[in-house]
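J.: pasting a predicted model and its sequence here:
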Amino acid sequence: MTGAETVQIPVMFGLRTRRLRVMLIVLLGACAITRMTAFGDPRQGWQWVLEGVGAVALWASVFTVVRGDEDPLPPADTAAVAVLATGGLGAAWWATPEGAGLWVQPGAPLVVFAVVAGLLSLRGRSRTAWGSSVVAVAMAAVWSLQHGGTLVAGGQLTLRIAVSLLPSTLMAVLIRPMLHLTAVLEARRAQTMHAMAVTSATVSERADQLEQFDAEVRPFVQRVADGEVFDEESAARARLLEEDLRDSVRGRGWHSALTRECLADARLRGIAVRVFDDSSDGAVLTPEDLGVLRSGLAGVLASVESGAVTARILPSGRGCVAVITTVTVDDIERIVCSRDGGKLRWTAGEVVAFA
């Protein structure tokens, strides 16, 4: 389970646990067995149809109310649960034959309905749960009168089951704010940990850069302090070191072990190379994207024999991500890197030949 999932209200209520799902399946199985047994009178065909419709509706309402991570439950799902649970309960009641047990068979789907209403309340929809319960009480009264009973007989057990919704409502009212606060605190803790990890990685990277800088620059500084004379090779190495330091600052997106070697080789061959990274800090360039950019630059530098090369990563919002321009005595050639289907691809741009 990821850190983002642990701060979700349904997870904190335990609605994602295997134990709850097993208990719900057992409840639905017990309801089905109860509905299929102990009937004194046979059912007619339309009653079997209603029984099937009621069973499917109740099953659907149970698994709809516990699915999803949104909090509170989305309006569409809330309406679906209320309609399925209430409709399934009514279908099961009117599918009950006259000779059924007094309250055993009619009470089984009512228990499932009460569980759904309680879960609906925990998902932040207490008003809908209580509204569905009121409809269930009214249906019970009508059903009881149609089967030779009284309003009291029809509403007594239904009211008793509906009142069982009170604990889950109180839990939702009292505990949900605390869970929301816990979720906010957990999210802030995760953000703080992420920021600390980024800071630590930045500090480590800067320490490595300083160590590398010290290893590369110290010998030159020491030779200057000792009054030594630099030969042509040492002067070239010093210029390459200066260019590399400049590339790491103004062209950080291009800077890597691969491009450092290619840039140094090109400059030693007399090619003027400049790299720029104008992308903002928030620009989304994945390691794969940077690999494509750097490979394109390395390919251009390997193919150029003279002239000047300018590579630039453009700000976000432009038509392309990067552009590399090569200027020689014969022409100006440009290649562009654009995003195609989520991936970066280099394509040839315009070529301007000198007359």
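T.: Here it is on my side, so go on. Small disclaimer: the values here were computed from a predicted structure and weren't measured.
J.: which residues of the stretch 101-250 of the chain fall in helices?
T.: Here the stretch 101-250 of the chain has its helices, by DSSP state H, counting those that start in this stretch, at 104-122, 126-146, 151-163, 165-225, 232-250.
J.: remind me which residues of the stretch 151-300 of the chain are low pLDDT?
T.: 151-160, 162, 209, 213, 216, 220, 230-231, 281-284 (pLDDT under 70).
J.: need the helices of the stretch 101-250 of the chain in CSV (columns: distance to A264).
T.: For the C-beta atoms, the positions are set from N, CA and C on the backbone; glycine is no exception. Listed next are the helices of the stretch 101-250 of the chain as CSV, based on distance: least, C-beta to C-beta, whole Å:
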stretch, distance to A264
helix 104-122, 64
helix 126-146, 69
helix 151-163, 80
helix 165-225, 12
helix 232-250, 5
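J.: would you turn these into JSON lines with mean neighbour count and distance to S279?
T.: Formatted as JSON lines, those follow (neighbours: other C-beta atoms under 10 Å; distance: least, C-beta to C-beta, whole Å):
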{"stretch": "helix 104-122", "mean neighbour count": "23", "distance to S279": "46"}
{"stretch": "helix 126-146", "mean neighbour count": "18", "distance to S279": "48"}
{"stretch": "helix 151-163", "mean neighbour count": "17", "distance to S279": "60"}
{"stretch": "helix 165-225", "mean neighbour count": "12", "distance to S279": "17"}
{"stretch": "helix 232-250", "mean neighbour count": "14", "distance to S279": "12"}
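J.: what's the closest of these to D340?
T.: helix 232-250 (27.5 Å; C-beta to C-beta).
J.: now do the closest one against helix 165-225, angle only.
T.: 160 degrees (axes from the mean of the first three to the mean of the last three C-alpha atoms, to 10 degrees).
J.: and helix 232-250, what does it pack against?
T.: When contacts are defined as 3 or more C-beta pairs under 8 Å, 6 or more residues apart in numbering; DSSP states H and E, helix 232-250 sits against helix 165-225, helix 257-268, strand 272-277.
J.: any chance of those in TSV, plus distance to A76?
T.: Below are these laid out as TSV (distance: least, C-beta to C-beta, whole Å):
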stretch	distance to A76
helix 165-225	20
helix 257-268	52
strand 272-277	46
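J.: which parts of the stretch 251-355 of the chain are helices?
T.: Under DSSP H, counting those that start in this stretch, the stretch 251-355 of the chain gives helices at 257-268, 287-303.
J.: how about CSV for these, with mean neighbour count added?
T.: Shown next, in CSV, are these (neighbours: other C-beta atoms under 10 Å):
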stretch, mean neighbour count
helix 257-268, 17
helix 287-303, 16
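J.: now distance to A82 too, for those helices, in TSV please.
T.: Listed next are these as TSV, based on distance: least, C-beta to C-beta, whole Å:
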stretch	distance to A82
helix 257-268	61
helix 287-303	47
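J.: that older thread, closest to I313 out of the helices and strands packed on helix 232-250?
T.: Of all these, it is strand 272-277 that lies closest to I313, at 4.6 Å by C-beta to C-beta.
J.: ok, that closest one: who's next to it in the sheet?
T.: Using DSSP bridges, strand 272-277 pairs in its sheet with strand 308-313 (parallel).
J.: so the partner strand versus helix 257-268, what angle?
T.: 160 degrees.
J.: any idea of the angle strand 308-313 forms with helix 287-303?
T.: Relative orientation of strand 308-313 versus helix 287-303 (the same axes, to 10 degrees): 170 degrees.
J.: and strand 308-313, what's buried?
T.: For strand 308-313, burial by neighbour count (16 or more other C-beta atoms under 10 Å) applies to 309, 311-313.
J.: and for stretch 344-353?
T.: 344, 346.
J.: in CSV, list the C-alpha atoms belonging to that stretch.
T.: Below are the C-alpha coordinates for stretch 344-353, written out as CSV (Å, rounded to 0.1, in the frame of the first residue of the first chain):
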residue,chain,number,x,y,z
LEU,A,344,10.8,13.0,-27.7
ARG,A,345,12.0,12.6,-31.2
TRP,A,346,14.6,14.5,-33.2
THR,A,347,13.6,15.7,-36.7
ALA,A,348,15.5,17.6,-39.4
GLY,A,349,14.7,21.3,-39.6
GLU,A,350,15.5,24.0,-42.1
VAL,A,351,18.8,24.2,-43.9
VAL,A,352,20.0,27.6,-45.2
ALA,A,353,22.8,27.4,-47.7
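J.: picking up where we left off before, so which of the helices of the stretch 101-250 of the chain is nearest D265?
T.: So among these, helix 232-250 is nearest, using C-beta to C-beta, at 9.8 Å.
J.: how far out from the middle of the chain is that closest one?
T.: Put simply, helix 232-250 sits 44 Å off its chain's centre (C-alpha atoms, centre = their mean, to the nearest Å).
J.: and what of stretch 78-94?
T.: That offset, for stretch 78-94, works out to 33 Å (C-alpha atoms, centre = their mean).
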